[in-house]
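Asker: Just a sequence and a predicted model for now, questions to come.
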Amino acid sequence: MKTVVITGSTSGIGKALAEYFIKSGCQVFAGFRDENKILKDCIPFYIEMKDSGSIQSAAEYIKSKTDKIDILINAAGCVTAGPAEALNIEKVKEQFQVNTFSHLEFTQKLLDLLDGGKIINISSVASFGYFPFISPYCASKRALDILFSAMGNETKRNIKIISVKPGVIATPLWEKSIEANSSLLQNVENFQGEMKFLINNARKNAIKGLDVSKVVKCIAKIDKLKNPKSSYTVGIDAKFGEIVSLLTQNQINTLVKFVYKLKVFTNKLF
Ligand SMILES: NC(=O)c1ccc[n+]([C@@H]2O[C@H](COP(=O)([O-])OP(=O)(O)OC[C@H]3O[C@@H](n4cnc5c(N)ncnc54)[C@H](OP(=O)(O)O)[C@@H]3O)[C@@H](O)[C@H]2O)c1
């Protein structure tokens with residue numbers, strides 16, 4: 001029986017993955033922070049990604065129950081948004097703590113159990129790094145990819161490290177991100193039009209994004225491969241993002257400014 005550990009298993013992508021692996025007959029350790037959201041037929045473990053003590057306790061708990069992990073899926077995540085010039089620095093640090101540092105810390109503590117296994121990070125098309133007004137999110141995902149790519153290149157262990165970069169997926173993340181950033185999004189000076197666009201776009205993404213099953217399908221494929229690639233995109237938007245990332249920074253910036261102005265303008269018109 002395979003053993004799978006998943007953080008962020010109470011909602012969206014992580015939840016769909018946990019349900020898939022439970023259904024496939026795996027032993028699934030599923031991370032939660034709200035006990036009302038614990039899934040059936042898994043081994044739940046409490047983890048708050050903002051808290052090192054909690055990460056340590058979660059790893060110790062898992063080690064007390066198993067001596068082998070086949071797949072670790074780092075899925076927990078959130079979004080900090082707003083114009084870079086108005087961001088609260090503590091919120092930016094928190095973004096990196098939840099989306100980047102916590103995953104490195106948790107993974108480090110489980111490495112001894114992962115020999116012969118896979119680490120799959122739920123990164124994002126945002127890791128290509130050029131979406132305005134969600135720069136903390138983009139930067140946290142890029143940093144995640146860099147840290148884990150380095151780990152994969154350096155390690156003497158037999159562990160495959162894979163980054164999965166979905167485009168827009170219809171999950172509760174979008175509504176949560178509006179709520180978590182509401183005071184800045186609604187009150188920031190000089191960017192009211194852009195913030196309105198950002199909120200409307202998030203609401204649209206929550207409905208029109210791809211179904212989580214697309215991410216599950218990608219990870220089910222990775223699970224079956226002996227030698228998976230180190231990076232996968234999910235969705236046409238993510239593939240497009242990957243292609244755009246091949247341009248120079250200057251070309252990307254020119255393109256982003258052009259497209260974003262066009263979109264804000266169009267949004268105001270219609
Ligand atoms: N949705 C998209 O379009 C999209 C695209 C690319 C990448 N992603 C990435 O996919 C991953 C899953 O996102 P999702 O869309 O499935 O969002 P979601 O439905 O909001 O799920 C996020 C999960 O992370 C958990 N989480 C958030 N902050 C946490 C913290 N401080 N400590 C512990 N757990 C925490 C949440 O717990 P609660 O249930 O308690 O809130 C939830 O289980 C994230 O890393 C996200 O960046 C999403």
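Answerer: That came through fine. Numbering: from 1, shown residues only.

Asker: give the contact list for Lys141.
Answerer: With contacts taken as CB atoms under 8 Å, 6 or more residues apart in numbering, Lys141 has the following neighbours: 99-100, 123-124, 126-127. All C-beta atoms are positioned from the backbone trio N, CA, C, and that covers glycine.

Asker: With neighbour count and pLDDT as extra columns, can I get the residues you listed in CSV?
Answerer: As requested, the contacts of Lys141 are exported to CSV (neighbours: other CB atoms under 10 Å; pLDDT from 0 to 100):
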residue, neighbour count, pLDDT
Asn99, 29, 98
Thr100, 24, 98
Ser123, 27, 98
Ser124, 30, 98
Ala126, 24, 97
Ser127, 25, 97
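
Asker: would a markdown table of these with distance to Asp145 be doable?
Answerer: Output for those, formatted as a markdown table (distance: CB to CB, whole Å):
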| residue | distance to Asp145 |
| --- | --- |
| Asn99 | 11 |
| Thr100 | 9 |
| Ser123 | 5 |
| Ser124 | 9 |
| Ala126 | 10 |
| Ser127 | 5 |
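
Asker: for the closest residue to Asn253 other than its chain neighbours, helix, strand, or coil?
Answerer: By the measure of CB to CB, 6 or more residues apart in numbering, the closest residue to Asn253 outside its immediate chain neighbours is Tyr130, 7.6 Å from it. Under the three-state scheme (DSSP: H, G, I helix; E, B strand; the rest coil), Tyr130 adopts coil.

Asker: do Lys156 as well
Answerer: Secondary structure state of Lys156, per three-state DSSP, is coil.

Asker: okay, and the helix or strand of the chain with the least pLDDT?
Answerer: Among the secondary structure pieces of the chain, namely its helices and strands, helix 249-269 has the lowest mean (mean pLDDT, DSSP states H and E), a mean of 80.

Asker: In the stretch 101-250 of the chain, what residue spans correspond to helices?
Answerer: 102-110, 135-154, 173-180, 182-187, 192-208, 213-224, 236-244, 249-269 (DSSP state H, counting those that start in this stretch).

Asker: in the third one, what counts as buried?
Answerer: The neighbour-count check on helix 173-180 (16 or more other CB atoms under 10 Å) flags 173-174, 176-178, 180 as buried.

Asker: Convert it to PDB, retaining C-alpha atoms only.
Answerer: Extracted in PDB, the C-alpha atoms of helix 173-180 (Å, rounded to 0.1, in the frame of the first residue of the first chain):
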ATOM      1  CA  LEU A 173      -8.900  30.000  -3.200                       C
ATOM      2  CA  TRP A 174     -10.200  32.900  -5.300                       C
ATOM      3  CA  GLU A 175     -13.000  34.000  -2.800                       C
ATOM      4  CA  LYS A 176     -10.600  33.400   0.100                       C
ATOM      5  CA  SER A 177      -8.000  35.700  -1.500                       C
ATOM      6  CA  ILE A 178     -10.600  38.500  -2.000                       C
ATOM      7  CA  GLU A 179     -11.500  38.200   1.700                       C
ATOM      8  CA  ALA A 180      -8.000  37.900   3.000                       C
END
